[in-house]
Every structure is written in structure tokens, then in C-alpha cells.
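> what's the 3D shape of this:
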Amino acid sequence: MLSLLHSSYWVGNAAATQYLPAPAFKALQLARLKSILAYAWKEVPLYRELWAKAGVDPSSIQSLSDLAKLPIPNRKSIEENPRDIVARRYLHVFDEGTGYIRMSGGSSGGKQLLVHSDPDSWTRLDGFYYRAFGALGYRPWTPLVYFWSAPFKRRTHNVLGIMPKIGVPAHLDEESQLLLLEQNPGAWWYYHPTSLFPLVRMFPERMRATAPDRVIVHAELCTQSMKATIEDVMQRPVYDQYGTSEYNRMAWQCSAHQGYHVDADSVIMELLDDDNRPVKPGEIGRAVVTGLINRMMPLIRYELGDLLVASDRRCSCGRTLPMIERVEGRMKDVLTLPGGGRRTPREQLEPFGRIAGLDLFRLTINAPDRAELDIVTRESDTSAIEAECRKRFGEACPGVRLDVKRVDTIEKAPTGKRVLLRNRINMSSAGARPVFTA
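Modelled structure (predicted):
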């Protein structure tokens, strides 16, 4: 019950801070930043040694812009030795494996990082998690249908009927998923876009008939073309949320749909170019993130491996949280074109989401000038679909030949995610930080 009270406090706190005047919000950010830096200096020898070598310590950080004085740690080293960034007071919890544990996506090409959190930090994160739902009009008693890979551990608030969750097991085929969705009218959907997309393509009438009040996608890159197809079928807006296992929820769309609000009172998100300088609004930058909440495993200036588009927009909804424009995908999947120029994962996948008859697809980059597209379709004659795929991809990625192959399915990982883009060029240099210049 104490954890529920603690969680409720942070839900209320997060609801209030999203409307703070900009100076007050920045003061809150700076206070939380100074707190986590002082804590990490005291509790995590890796940070103390890293910062001391750079000639800085927590007292060097007197403004948010001073964060750039701290060196970016080697992500591969952290993935291979996660115990090095565990606070000393929580080493026994780490060794026993009794904290809250989430597995990262392994976007760097190295090991997947098992991210540990202590109970107090975890309940603080509840506030930011709930805020993204509240921005869409969510009420605590509304059921949430989750597409997920494992059974849920019911927490105290779930037992009391707060945010009740209905699991849709990730291993189910499309028709079995739809049956579960139809059996739970009135619930909001919280779904992976690569599993929602084939549902609307295969069962458009039934999906439209069972469409909920809110459809939220998360956990994977959702292209604009896929999103538009889902919205057209379901006659509902689709809201995207961006998060990682390292930090939980970080950015989300409100009902105004003018970009993504960043949970900047939970994380400080830097978008940097290849020379570690902040990018300008509208430019693509590498996400380097500092967590302000997790005390068991502080992640400070951590290179996520994701590409995001910077924004200086202020949303018409009235929230003062900073924003990003959109998510572009993983750095390791960037394609350098034969004639020069680069394409982000989103730009490579965007051509396929609006092609009629295409239920699902997966793009594999085999060489700078050669790619292969696996397609799932129920059409007996695929020639028109194949021609349209080549045409649209050729316009997006000139100079790259596209071979199209029909397959029965695009397999899911145990987590329920589908990999829609594989870059075999970059797989040979796994572990090295890719560069990207917009």
C-alpha cells in the first residue's frame, strides 16, 4: 500500500510539472540533474573516475548546458560490465537479481543491457508513465489491452482495479489476437505497430467495428505510412509513444499531434551531431540521454543508438515540456546511398506502408546498392505489388536495386517485436558507433 501512495504522489507531481512556466521547469531539471550527479559521484566509481579524468566533478555543472562537460561513457563497456554502473548501496540487490529488471534492445550491436531499478525509483517512474496516458484523456479504471511477450505481474494498483491490464500474448497469430480484442470492448489498445499493421490489413471490417477510443503504439518504429493505414482502417487517430528499457517512457504524442512531448523532468535528452554538438530544430541528432530518476543504475549521458529530429515547437495543448519532432530509428540501420546522401530507417521503410495488398514486409540491405524486400500478401498475383514496391523504394533510395520475394510470414522475436529492417552492411561492424550527418 505504501508503494501505491508513493506512486500516486509522483503521478500528481508529473501532472503538475508539465504545465510549469519555462524558467521554473528548467530550475526543476537543474535541481534533479545536480542531485543525480552528486549521487553518482558518491555511489558509482566508474563515473567518478571517468569525470575526474576529464577534469570535472558535480560542482562543474551549474547549468543545463554544462552537462556537455561530462564525457559520454563507452556504451559497449557498460553493456559488457553492467555492475560497474550500479550504485554501491544497491550492489547486493543487483547480485541477488531482486530489483526491477528490463532488457534493452541491444541497438549498439553488443550485448543487451539488463537495466536494474530499485523499488522507489520504479514507483517514481509511474508518474511519467501515467502522464502520457492522461494526456489522451485516460481514466484510472479504463482497461488497457497490452500486446506483450510475458504475463503481467499484478501490482497493488492493478489488484485494486487501477489501470487494469489485459494481456494479448505476443506469440498469438493475427486471428487469435483479434478474438481477444473483440472480447474486450471499451479497453484502450497499447500495441506494437508491426503487429497492429497486419491486423488492419487482414481484417479491416472487424478492426473498424472493434476500434477502441484510443489506439497507442509503442516499442517499435512506426512510419507515417503505416500509421496512416492503421488510422484509415480504424477511423481513429493513432498516438505514438517513444521509450526504451533504459529509461522507460521518454516522449509521447498528445491529442494535438504536433510532435512528441519529452519527459524532461525524468530525462535530459540531448540530440547531438557526429561532433557531439547540439543539432538545430528540424535536424536529425543522436539521442544521448541522462536519467534523473533511477538511483540503482544511473545512466548519465548514455548513447542510446537512436536518431531523433529536434524541435523548438511549443504545443498548442499548453504543456511546457520540450518536444522532439519525430523518431527516425536506429543509427546502425542508416543507409549510405551509392550516389551520396543517407537515409534513416524511417525513410527506407516509408515507401511500403501505403501499398494496397501488402500485409507486412521486411527490408534487408545487403550492399550499398542492393536490397531485398520480403513481402506477405494474400494476392495470388504479386506482380503489381512488386512493381509498386520497386517504384516507391527507387524514389526514396535512388541507386539501390530492390529484389522482391514473397514469404509466408515475418517472424516475431520472443519479445513480440518484428524487425522490419536489417542492414547487413553494418552488422559486420557491430559495436562501433555509426555516424550520421543530416
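
> buried stuff in the helix or strand harbouring S176?
Per DSSP states H and E, S176 falls inside helix 174-182. With burial defined by 16 or more other C-beta atoms under 10 Å, the residues of helix 174-182 counted as buried are 174, 177-178, 181. Bear in mind the C-beta positions are built from the backbone N, C-alpha and C, glycine included.

> Same question for stretch 202-214.
Result for stretch 202-214 [16+ other C-beta under 10 Å]: buried residues 202-203, 206-207, 210-212, 214.

> follow-up on the earlier one: figure out how far the helix holding S176 is from the centre of its chain.
Helix 174-182 sits 25 Å away from the centroid of its parent chain (C-alpha atoms, centre = their mean, to the nearest Å).

> next SSE after that helix?
strand 188-191.

> which element follows that next one toward the C-terminus?
helix 193-202.

> just for the protein, where's the confidence low?
Confidence mapping of the chain against pLDDT under 70 gives the ranges 1-2, 105-111, 151-152, 160, 427-438.

> Select the longest helix from it.
Secondary structure of the chain per DSSP state H: the longest helix is helix 22-43.

> List the contacts of that helix.
17, 20, 47-48, 51, 57-58, 61, 63-64, 67, 70, 87-89, 264-265, 268, 290-293, 295, 298, 300, 320-321 (C-beta atoms under 8 Å, 6 or more residues apart in numbering).

> Then stretch 375-395?
Residues contacting stretch 375-395 (C-beta under 8 Å, 6+ apart): 198, 202, 348, 351-352, 355-361, 371, 373, 400, 402, 404-410.

> for stretch 410-418, same thing?
Outside stretch 410-418, the residues that touch it by C-beta under 8 Å, 6+ apart are 147-149, 170-171, 192, 194-195, 219-220, 360-362, 374, 376, 419-420.

> Ends of it, what's the gap?
Using C-alpha to C-alpha, to the nearest Å, one end of stretch 410-418 lies 7 Å from the other.

> before we move on, back to that, buried ones among the contacts of helix 22-43?
For the contacts of helix 22-43, buried by 16+ other C-beta under 10 Å: 17, 20, 47, 51, 57-58, 61, 67, 70, 87, 264-265, 268, 290-293, 295, 298, 300, 320-321.

> So S3: helix, strand or coil?
State at S3, reduced to three classes by DSSP: H, G, I helix; E, B strand; the rest coil: helix.

> Over to Y242?
What three-state DSSP gives for Y242 is strand.

> so it makes contact with D263?
No: the pair Y242 / D263 is not scored as a contact, 9.8 Å apart, by C-beta atoms under 8 Å.

> Give me the common contacts of the two.
With C-beta under 8 Å, 6+ apart, Y242 and D263 have common neighbours 249-252.

> picking that back up, quick one: contacts of the next helix or strand after the longest helix of the chain?
Reading on from helix 22-43 to the C-terminus, the next helix or strand found by DSSP H and E is helix 45-53. Residues outside helix 45-53 that contact it (C-beta under 8 Å, 6+ apart): 40-42, 57, 70-71, 73, 84-85, 88, 298, 300.

> Could you tell me which of the residues you listed are located in helices?
Among the contacts of helix 45-53, the members found in helices (DSSP H) are 40-42.

> Which ChimeraX command selects the buried ones in the contacts of stretch 410-418?
Entered in ChimeraX, the line below selects the buried ones among those, by 16+ other C-beta under 10 Å:
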select :147,148,149,170,192,194,195,219,220,360,361,362,374,376,420
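
> which ones among the contacts of stretch 410-418 are found in strands?
In this view, the contacts of stretch 410-418 that belong to strands under DSSP state E are 147-148, 360-362, 374, 376.

> TSV for those, including distance to M226?
Formatted as TSV, the ones in strands among the contacts of stretch 410-418 follow (distance: C-beta to C-beta, whole Å):
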residue	distance to M226
F147	15
W148	20
L360	10
F361	10
R362	13
D374	16
V376	14
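
> now, among these, which is nearest to A396?
A396 lies nearest to F361 out of these, by C-beta to C-beta, at 13.6 Å.

> show me what contacts the closest one?
352, 373-376, 389, 410, 420.

> what about it, distance to T223?
Per C-beta to C-beta, to the nearest Å, F361 is found 11 Å from T223.

> go on, D120?
Applying C-beta to C-beta, the value for D120 to T223 is 38 Å.

> who's more crowded, these two?
Here D120 and T223 are compared on neighbour count by other C-beta atoms under 10 Å; more neighbours surround T223, at 24 against 14.

> Can you measure across stretch 401-420, start residue to end residue?
Span of stretch 401-420 from end to end, C-alpha to C-alpha: 18 Å.

> Repeat that for stretch 371-382.
18 Å.
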